[in-house]
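Asks: no FASTA, just this:
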């Protein structure tokens, strides 16, 4: 065989493999589109801790971005660098403030289970010390009841309800969560009820089995059980919400979930609420439309591991600091021969190896809390791809909650002791400010741009929130003129202490568009930080882009 | 006036964040007005991700299996099955690495008499591992006799080991002279002892063992009679041995497998006499000690283990080769040798042994009750005949690196790599050598 023939065969073979891969890739890319995506802890654990971690840099664009420290711009943002409403995310409190009572009530379809009559257990899990029941009340409404661990009365139930209020007010869909208390005798197995027990098999639920399963549940002073009751969602469950890859519910067409700012920002909100357990299997896609073609509505669910809680008791000390399996942290420990004390180990040691003395609080404090290093259980691509612009957007939302807003939502946890309510609210308020300061300092914190009276005006949110004094800030402007072909030319550069830039009429004479890049210089800071680009046209703001 | 100012300030503080965000803009910042983004064509998309596609084919079935395991509560069912058997006194043993399986049976629990006879011992076991061992045994006895530390038991054991390795006797044997033999043992023991405390006890043992030696079944190796000169290996035709001995031990470890403090010590002395045609007659001295030291934290542990054994011929007696001290391998059941991990199991035989194992164990990952310890190991040991034969140059080293995954301080598996003069050994085990 001649060399030419050999080379031709090689080229043909290479192309065949490439296009076969291409077709295969397209298949996988579309597999999740409109198809039921099912997850569980085992799958999430394998996929996220091992598979995607292992193949991360086989995605050439991810490798390129890692090598050159680039971030992929979110693709669900509009021209003003905001995330418009979608099925996944709706701008709520940050757009139009909820009243304190609305914040406390959260998402509501009813007043919660009616515990005045029998509570019929239709199915559930009777496993060990952590049973959970599907319950039907006298009104016929169906709920999922989850209880506190025996060691920590009010911990998990309060965490679930409180966190649900935050997620809803932020803009995500959550089921209705309420606290319900009831006497043990109210619980009765429904006719034909079956439940998973310790054997892992689903068996008929008898009154004896039910009684046995609640034997170790904590009770209040009146001998009542306390549960978080999530109202069963209307519609057909259609698997879990993919945190990466493609999802049918996407206003931007075929945009991977990891390129959605509202998805990436989930990790920022998780850091605020210490919701380590946010994962694909703690989400639901629900078909609620009347037509078959209506896309599913994505929900975030299961918040009983937020704040200082985990399902089994106080939050384990490594949560929030390491992924379930964390190659980076483990490698550091390995290479240091175990002499390096991990941040969570230091914090736990400083805490005396004990959580908060109140069992309703668990392990929740702000010692060593670093918003940039907070880790959820799994290292989703979406969370890794969080850019400064994404984090700034999330931090803006976090900062939109006042102290009273936070207290109102914490109140929804119906904790018995006021000290516990105060502690949780205080911790969340401090945490809010730590997050705000961290991301406002990292990103460009200028926002609320407008053109008024011939001036480009804006707000420096870091100053407005008191993270920096009003004096001593320098705004560095670069004015770039763009022609019709998009070619830009810098025509002015100036520094100002004012959060307003007078638009010189000469700049606008011939240009079709004007780009203004603004950076912020702080006292005691040598570098001006990332930019925000404001595009002006016809005296209007055409677009705003925070540097990623 | 001051009061009014305070009220004003409080209101201002509460309303400020809202006021900031509620500021009217001349445009709707939440408008569904998206910038134009060029989407990748299918070919471009494939170009970016094609390296991953072959792995996706692997992920797909694994995901399906994992989802099914979750959905059908399979881990729970398996746990329940294991617990159910365990509650009946049946403990399954499975070794995927060497294709082995077996079961330990506590017959008192099996017949639901543990409540009536808490101190009665009646156990049985059977274990088989391909080309390694077939082992069956039983033990009957009593603990806490008269409510005290007195205990007694009798046991029977039969094991057949088709491929025991043998390289000759002494520290200077050649790896090239590897042979294998089949050892079949039938053993009856009686033991009576007293526990002075939960930590410390002494036992008197009397036993009989019949050992049959045949050619090994390892196809790639020679057999002893053809590899070694006739008559050079004592006990090659097997032996019948009776023994009487005393053992003192003390165990102050806080955990059996991954101790972080305390230690273990054992001293043994026994006399062995050959019966029928056996010429064996010797005294066996054994000393073993291990210590576990936390280095400022239970996450850093220095584990030290030392072992010494000497078999001293009495009168004109011999020590059969199959009863000699053995060195090499990982040092855990079903193998019989002591740990010198970079060397083949049973690599060295002789009448005496000196061994030191040191491990620095440190935790690198924790998640709830799961833990991974990294370990650096160093084994140093030699075999020798008499004490006068002991020479520094005959010590053999093994250096190792490994990781141990444990759940609630029970080892799930240990992966280790050990290097020495004769190469590198890899192990996947569910135990520690000490």
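Replies: On my side now, so go ahead. Everything quoted here is computed from the prediction, not taken from an experiment. Residues are numbered from 1 along each chain as shown, chains lettered A, B, ... in the order given.
Asks: use CA for all of it now, contacts and neighbours both
Replies: OK.
Asks: Name every strand pairing with the helix or strand hosting residue B:163 and say which way it goes.
Replies: With elements taken from DSSP states H and E, the one containing residue B:163 is strand B:150-166. Sheet partners assigned to strand B:150-166 using DSSP bridges are listed as strand B:133-145 (antiparallel), strand B:179-195 (antiparallel).
Asks: Turn those strands into a markdown table, including mean pLDDT.
Replies: As requested, the strands paired with strand B:150-166 are exported to a markdown table (pLDDT from 0 to 100):
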| stretch | mean pLDDT |
| --- | --- |
| strand B:133-145 | 96 |
| strand B:179-195 | 95 |
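Asks: Residue A:85: neighbour count?
Replies: 17 (other C-alpha atoms under 10 Å in any protein chain shown).
Asks: need the contact list for it.
Replies: Counting by C-alpha atoms under 8 Å, 6 or more residues apart in numbering or on different chains, residue A:85 touches A:91, B:30, B:32.
Asks: Closest to residue B:65 out of these?
Replies: Set against residue B:65, the nearest of the contacts of residue A:85 by C-alpha to C-alpha is residue A:91 (38.3 Å).
Asks: what sits against the closest one?
Replies: Counting by C-alpha under 8 Å, 6+ apart, residue A:91 touches A:83, A:84, A:85, A:170, A:171.
Asks: Of these, which is the most crowded?
Replies: residue A:83 leads the contacts of residue A:91 on contacts (other C-alpha under 10 Å) with 26 neighbours.
Asks: Residue ranges in the chain under the pLDDT threshold?
Replies: Went with chain A since none was named. Along chain A, segments meeting pLDDT under 70 span A:1-36, A:127-129, A:247-254, A:292, A:508-512.
Asks: Sorry, I should have been clearer: chain B.
Replies: For chain B, applying pLDDT under 70 flags the ranges B:1-23, B:218-219.
Asks: sorry, back to before: quick one, which of the strands paired with strand B:150-166 is packed in tightest?
Replies: Each of the strands paired with strand B:150-166 was scored by mean neighbour count; the highest is strand B:179-195, a mean of 20, by mean count of other C-alpha atoms under 10 Å in any protein chain shown.
Asks: Now residue 142: closest residue in space, sequence neighbours ignored.
Replies: In the absence of a named chain, chain A is used. Nearest residue to residue A:142, sequence neighbours excluded (C-alpha to C-alpha, 6 or more residues apart in numbering or on different chains): residue A:136, at 4.4 Å.
Asks: that's the wrong chain, I meant chain B
Replies: residue B:120 (4.7 Å).
Asks: check contacts around the one you found.
Replies: Listed by C-alpha under 8 Å, 6+ apart, the contact set of residue B:120 reads B:108, B:114, B:140, B:141, B:142, B:143.
Asks: rerun that using 7 Å as the cut-off
Replies: Neighbouring residues of residue B:120 by C-alpha atoms under 7 Å, 6 or more residues apart in numbering or on different chains: B:141, B:142, B:143.
Asks: what sits against the last one?
Replies: The reference is to residue B:143. Residues in contact with residue B:143 (C-alpha under 7 Å, 6+ apart) are B:119, B:120, B:150, B:151, B:152.
Asks: What helix or strand is the residue in chain A that chain B sits nearest to located in?
Replies: Scanning chain A for the residue nearest chain B gives residue A:78, at 4.1 Å (criterion: C-alpha to the nearest C-alpha). Using DSSP H and E, residue A:78 sits within no helix or strand.
Asks: partners of the residue nearest to residue A:142 in the sheet?
Replies: Counting by DSSP bridges, residue A:136 is bridged to residue A:120, residue A:142.
Asks: before we move on, the earlier item: how about the backbone phi and psi for the residue nearest to residue B:142?
Replies: Per-residue torsions, residue B:120: phi -80, psi 130 (degrees, to the nearest 10).
Asks: same check, this time on the one 10 residues further on
Replies: Taking degrees, to the nearest 10, you get phi -50, psi 120 for the backbone angles of residue B:130.
Asks: Understood, closing this out.
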